[in-house]
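Show me the folded form of this:
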Amino acid sequence: MLPTLNQDTINRLMTRRGAPALSLYQPTHRSFPERQQDPIRFRHLVERLTNALREQFPDGRHDSILEPFHAIQADHDFWNHNQDGLAIFAGEGYFDVIRLQRSVVEQAIANDRPYVKPLLRVVQSADRYQILCLTRDAIRLFEGNRYALDEISVPEDVATMEAALGSEMTPRGQHGFPQGSGRASERGDAMQHSAGGGGKQDEIDKDQERYFRAVDKAILEQRTRPSGLPLILVALPEQQAQFRRLSHNDRLLPDGIEMAPGAIDSGELKAKSWEVMLPQYIKRLEGLLDRYGESHGQGLATDQLEDIGSSTIGNRVATLLVEADRDIPAYVDSEDGSLMPAKEQGANAPDLLEELSIRVIEHGGEVIVVPPDRMPSRTGAAAIYRF
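Model prediction:
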């Protein structure tokens, strides 16, 4: 299953400082026979990474930091579970492997900190969402976008009703009502009351409500809040209604997919979920652009990179809009916020948009990656100020 890739992942990587820090990005393939080439391309990337490491840090011993890369290269099972991209980060005391739902440009970088810009572009994109597939006694969870959808882990303590309720769950061995009154109670006959009431079915219904409450709480706290992503519900109509009545998840979209999760295949799930998400995606982008326009008219927004750079030092930027798939080889002077052209070239050159994004995130701001045709500026960035 796809490890959860969210802002916490980015934050953890941004705290990893100290040379050497290795970053490897590779496009990969899900299906045979295309994926047969992935280990070969990986070997070439590791060779490039080795050369970059020796060039950047010629005095170090590099065998220990490179050994996990060689282990992955020889792991045939690893290459049978590819998605659309791969990112690996290595340094003193860590080796992080992240599979990606979007293809990435091949890169092999040795520096003094992990190179996280491609991950920023994935995590901060406005089209991502999660899907909760709900039945009366089990759940599954997916994460994706318009291009790809993959199953992710669910909190183990609510994966099934039995896991959530344990010994408190009503036994399922008996159906209907006690004392042989099931058929009468299903018809609504008065016999239900004289034969012991609706106890068994009532308890089963209460179990479902308790389970749905537990699911809502766990998904909200362990998946929605860390990711900040919208949530689409897939369930039968009656379970949709019950779950929505009790849910406290403010990221649960008002429209869902009213089908039994088991009756929908992965291709149909991706298509139907994007139909639900598309209006929300457009609404969010339009809201951001409207907010930028209003703030600009009040002197509380800018698209001038020099001003954005100095404002990140003063912690003024509340929201930063960044153009997708654009690089600007420059960096921000830490003293006065002025922009300095990059001395390095190619993959090792600093990227201004990445640095601005990291600065905004470190100060609690929001970064949104926007498609080029939706950007409100031509500079590659647009900032909305706090004050």
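
Report the next helix or strand after whichever helix in the chain runs longest in sequence order.
Longest helix of the chain, by residue count under DSSP state H: helix 266-297. Later in the chain than helix 266-297, the nearest helix or strand by DSSP states H and E is strand 301-302.

Given that next one, what are its sheet partners and their directions?
Paired strands of strand 301-302, with direction, are strand 381-385 (antiparallel) (DSSP bridges).

and the angle from the partner strand to helix 266-297?
Orientation check (axes from the mean of the first three to the mean of the last three Cα atoms, to 10 degrees): strand 381-385 against helix 266-297 gives 60 degrees.

what sits up against strand 381-385?
291-292, 295, 300-303, 305, 307-308, 311, 316-323, 353, 356, 375-376 (Cβ atoms under 8 Å, 6 or more residues apart in numbering). Glycine gets a C-beta too; all of them are placed from N, C-alpha and C.

Quickly find the element holding the nearest residue to Met14 once chain neighbours are set aside.
Spatial nearest neighbour of Met14, excluding adjacent residues (Cβ to Cβ, 6 or more residues apart in numbering): Ile358 at 6.1 Å. Element membership of Ile358 [criterion: DSSP H and E] is helix 352-362.

Figure out how far that helix is from the centre of its chain.
Helix 352-362 sits 19 Å away from the centroid of its parent chain (Cα atoms, centre = their mean, to the nearest Å).

Show me what it is packed against.
For helix 352-362, the elements it packs on are helix 7-14, helix 117-123, helix 305-313, strand 317-323, strand 330-332, strand 366-370, judged by 3 or more Cβ pairs under 8 Å, 6 or more residues apart in numbering; DSSP states H and E.

how does the protein divide up, domain by domain?
Domains of the chain are assigned by automatic domain parsing as 7-123, 129-172+207-279, 299-385.

of those, which approaches Gly287 most closely?
Gly287 lies closest, by Cβ to Cβ, to one member of the domains of the chain: domain 299-385, at 10.7 Å.

Can you list the low-confidence ranges for this structure?
1-4, 172-199, 344-349 (pLDDT under 70).

The same query, at a cut-off of 80, please.
1-8, 17, 59-61, 120-126, 171-201, 334-338, 341-350 (pLDDT under 80).

still on that earlier bit, now the domains of the chain as CSV including distance to Leu285 and mean neighbour count?
Listed next are the domains of the chain as CSV, based on distance: least, Cβ to Cβ, whole Å; neighbours: other Cβ atoms under 10 Å:
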stretch, distance to Leu285, mean neighbour count
domain 7-123, 16, 16
domain 129-172+207-279, 11, 17
domain 299-385, 5, 18
